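Peer 1: Kindly generate the corresponding structure for this input.
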Amino acid sequence: MKVVIVGGVAGGATAAARLRRLDEKAEIVIFERSGYVSYANCGLPYYIGGVIEDQRELTLQSPQSFWRRFRVAVKVRHEVRAVNRTRKTVTVCALDTGEVFEESYDKLILSPGALPVRPELPGVGSSRILTLRTVEDTLRIRQEAEREELADWTVIGGGFIGLEAAENLRERGRRVRMIQQDPHVLAPLDGDMASFLHAHLRAKGVELLLGRNVTGFEERGEGLTVRTDGGDLATDRVLLAVGVRPDSALAREAGLKLDVRGSIWTDDRMRTSDPDIYAVGDAVSVPHAVTGQRAVIALAGPANKQGHVAADQIAGLDSRYRGSPASSVLKVFDMTAAFTGLNEEAARAAGLDFDKVILAPASHASYYPGGRVMTLKLLFERRTLRILGAQIVGFEGVDKRLDVIAAAMQAGLKASDLADLDLAYAPPYSSAKDPVNMAGYLVRNLTEGLVRQFCFEDLPSLPREAVLLDVRTPGEYARGHAEGFETHIPVDDLRERLGELDPARPVYVMCQSGLRSYIACRILAQHDFTCYNFAGGYRLYESLTRDRFDAQSRTDCGLR
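Peer 2: Prediction:
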């Protein structure tokens, strides 16, 4: 059996190695149009910033090492330009010589990846506008970033690539501004969670221009003028990172079935509409694990799993790809953002009736030095308590909490079941009630009627007769409080001062993180008050309204 693989990065390389482990006799050929095979695509921005110093560390395998270990023939700088399904051949161009030839196959795996989006704007073809997708792109950007005269960089797009590039250009000492068309960076996050990233990026010296549209470019001396709907900006270089699109031209021209966003349709065996052709990676559509709807999920983890499934199927094993919740994690300087499943916008678009909890726990036991606060947002379906998604922004320990929730989602646990998970605890690593447990407890409190909550978006529509109560310490209150929250009674004084409140008026309660306001609500509810707890606390309010946040841990919310 002869298997030809088009594309040698995550999905294609994984498929080749897996297939060899299953079938020692198969002839396996990889064609890769770039000069590198099996390279660390996700590590490319860190070479620009100097975190990864040795260029060789970017390539996980070379054609020579692939042959030595797996007897897989890897041909880099070879572009597959056509698929003839009737003859079962591919037309290949050797880019260095111009030679064109045909290669036969019994089974074909398409792993062409995705291409950077270049919007049709005046001047977008300038050589001073760079994109970051391949090793070759990375080498050029680093070379440019090391030139002292190219000190001012503009990153267009606030997604994964844009944020990582901005960070690493700042690490190089460059001045960096980021232009983002949407009102917040990192689309998988909701705006309230992204606000923490905004404050952190600005604190690290990145100029953020949010809600700004780029209308064109014009070369200016050795640099560029970036034209926007908010005025012109002078810069030395532009890094364009406005997204990627599936590279499905080969499949389209071969007459294969396409799907959402022009992606290659595949079934759960990673087969295309041609049973002898498989497709994996950033070019394909798969079911979203939460909604079941077809989606393009351009992430390395799913690509590797899909390559594994395709190889298994070709070798006669009945592996299936079950879909992805698109779990992701991102480093933004020393901050971490992680998410899985749906955000609020996606949940609404899917027609789901959902609720949420927002909490601000410490990364580990607050009495152990070095703890920092993270913000965790959990979405769940009201009727079934099915976990729909989670977002966490913070510092240490963000990734492991996100992974626990992602695993719980895929295992079918309810949001309230998170309270019962038995997770590892020692003071340097966690608390006896882990943040994931706390999210589960909050869901139980909410669904069992022990507390009612209100959210940031509810603030403009609170009843005029409501009492807006802040229950933090006098020192915290003096440093700043939410607009309208003029009634201040520290939670520890609340029982003795209940007479200052009118039981006939609803009470909306806020504290720093949501813990003390919950305690206050329990006190008030048992004295016949109607009360509501502010989800996320003043930390969230301050991040959204004042572009700053408190990352420090507290010994026992409000005692220090």
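
Peer 1: Show the backbone phi and psi for A478.
Peer 2: Backbone torsions of A478, given as degrees, to the nearest 10, read phi -70, psi -30.

Peer 1: Quick one: residues in contact with the lowest-mean-pLDDT helix or strand in the chain.
Peer 2: In the chain, the helix or strand scored least confidently by mean pLDDT, DSSP states H and E is helix 44-48, which has a mean of 90. Contacts with helix 44-48, where a contact means C-beta atoms under 8 Å, 6 or more residues apart in numbering, come from 52-53, 55, 57-58, 132, 134-135, 137-138, 141-142, 145, 161, 164-165, 167-169, 172. No exception for glycine: its C-beta is placed from N, CA and C like everyone else's.

Peer 1: can you give me how far the helix or strand following that helix is from the chain middle?
Peer 2: Heading C-terminal from helix 44-48, the first helix or strand you meet, by DSSP states H and E, is helix 63-70. Offset of helix 63-70 from its chain centre (C-alpha atoms, centre = their mean, to the nearest Å): 33 Å.

Peer 1: and A360, how many neighbours?
Peer 2: 25 (other C-beta atoms under 10 Å).

Peer 1: Am I right that it is in contact with V373?
Peer 2: Yes. With contact defined as C-beta atoms under 8 Å, A360 counts as touching V373 (5.2 Å).

Peer 1: on that earlier part again, from the contacts of helix 44-48, list just the buried residues.
Peer 2: Taking 16 or more other C-beta atoms under 10 Å as the criterion, what is buried in these is 52, 58, 132, 134-135, 137-138, 141-142, 145, 161, 164-165, 167-169, 172.

Peer 1: Which ones among the residues you listed lie within helices?
Peer 2: Within the buried ones among the contacts of helix 44-48, residues falling in helices by DSSP state H are V135, D137, T138, I141, R142, A145, I161, E164, A165, E167, N168, L169.

Peer 1: Chain neighbours aside, what residue packs nearest to the third one?
Peer 2: Read that as T138. In space, and not counting its chain neighbours, T138 is closest to L44: 4.3 Å by C-beta to C-beta, 6 or more residues apart in numbering.

Peer 1: which residues sit in contact with L459?
Peer 2: A482, E483, G484.

Peer 1: Enumerate the positions of stretch 39-52 that are buried.
Peer 2: Across stretch 39-52, burial judged by 16+ other C-beta under 10 Å covers Y39, A40, N41, L44, P45, Y46, Y47, I48, G49, I52.

Peer 1: again but with stretch 255-262, I slipped
Peer 2: For stretch 255-262, by 16+ other C-beta under 10 Å, it's L256, L258, D259, G262.

Peer 1: of the residues you listed, closest to A26?
Peer 2: L256 (22.8 Å; C-beta to C-beta).

Peer 1: ok, the residue of the chain most remote from its centre to L402 distance?
Peer 2: The centre of the chain is farthest from one residue, G499, which by C-alpha atoms, centre = their mean lies 48.1 Å away. According to C-beta to C-beta, to the nearest Å, G499 and L402 sit 45 Å apart.

Peer 1: Identify the bridge partners of the residue positioned nearest the centre of the chain.
Peer 2: Centroid-nearest residue in the chain, with C-alpha atoms, centre = their mean: S328, separated by 4.5 Å. Taking DSSP bridges as the rule, S328 bridges to F339.

Peer 1: Let me see the contact set for I141.
Peer 2: Taking C-beta under 8 Å, 6+ apart as the test, what I141 contacts is I48, L130, L132, A165, L239.
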